[in-house]
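Visitor: any chance you could fold what I've pasted below:
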Amino acid sequence: MNAKEQLRALVEKMNREPAHIAEEKDRVFQFDLKESGSIQVQFKEGKAYMIEEATEEPNVTLKMNDESFIKMLNDDLNTTMAFMSGKLKVDGSMGLAMKLQQLVKEYKEVS
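Guide: From the prediction side, this is the model:
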């Protein structure tokens, strides 16, 4: 699966099993991917939405290539190490970037 397909699958999983995202109200994560362009995940009222273009002001923007993004979605990329090595650039709240890594881990465990 490519980056967009993997993200879409994660968002669908989040909406099927919303316990981990219930507190994620009105947050916008933006991903500026080298190959796939800008994608947003918007959390509104306990639901997640994948938007394939920037429509809202993001709380945090993560910039990386598609390969690193796919690794992050599979919990095979530590966001802290990626940031320190320059594979990931973060605009906005580093705390939210870390929260995203935690959400990915939680949903990897959900079947």
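
Visitor: separation between M72 and Q42?
Guide: The spacing between M72 and Q42, counted by C-beta to C-beta, to the nearest Å, is 18 Å. In this view, the C-beta of every residue, glycine as well, is placed from N, C-alpha and C.

Visitor: T61 too?
Guide: Taken as C-beta to C-beta, the span from T61 to Q42 is 13 Å.

Visitor: residues shared between the contacts of those two?
Guide: Both T61 and Q42 are in contact with F29, where contact means C-beta atoms under 8 Å, 6 or more residues apart in numbering.

Visitor: quick one: low-confidence ranges for the chain?
Guide: For the chain, the stretches with pLDDT under 70 are 111.

Visitor: all strands for it, in order.
Guide: Along the chain, counting by DSSP state E, strands occupy 27-33, 37-44, 47-51, 60-64, 89-92.

Visitor: can you list these in a markdown table and add mean neighbour count and distance to E5?
Guide: Formatted as a markdown table, those follow (neighbours: other C-beta atoms under 10 Å; distance: least, C-beta to C-beta, whole Å):
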| stretch | mean neighbour count | distance to E5 |
| --- | --- | --- |
| strand 27-33 | 21 | 13 |
| strand 37-44 | 18 | 11 |
| strand 47-51 | 16 | 11 |
| strand 60-64 | 21 | 17 |
| strand 89-92 | 14 | 23 |
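
Visitor: so which of those gets nearest Q102?
Guide: Q102 sits nearest to strand 27-33 of all the strands of the chain, at 12.6 Å, using C-beta to C-beta.

Visitor: by contact count, what packs against the closest one?
Guide: Using 3 or more C-beta pairs under 8 Å, 6 or more residues apart in numbering; DSSP states H and E as the contact test, the elements touching strand 27-33 are strand 37-44, strand 60-64, helix 66-73, helix 94-108.

Visitor: would you convert those into TSV that also reports distance to F31?
Guide: Below are those laid out as TSV (distance: least, C-beta to C-beta, whole Å):
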stretch	distance to F31
strand 37-44	5
strand 60-64	5
helix 66-73	6
helix 94-108	10
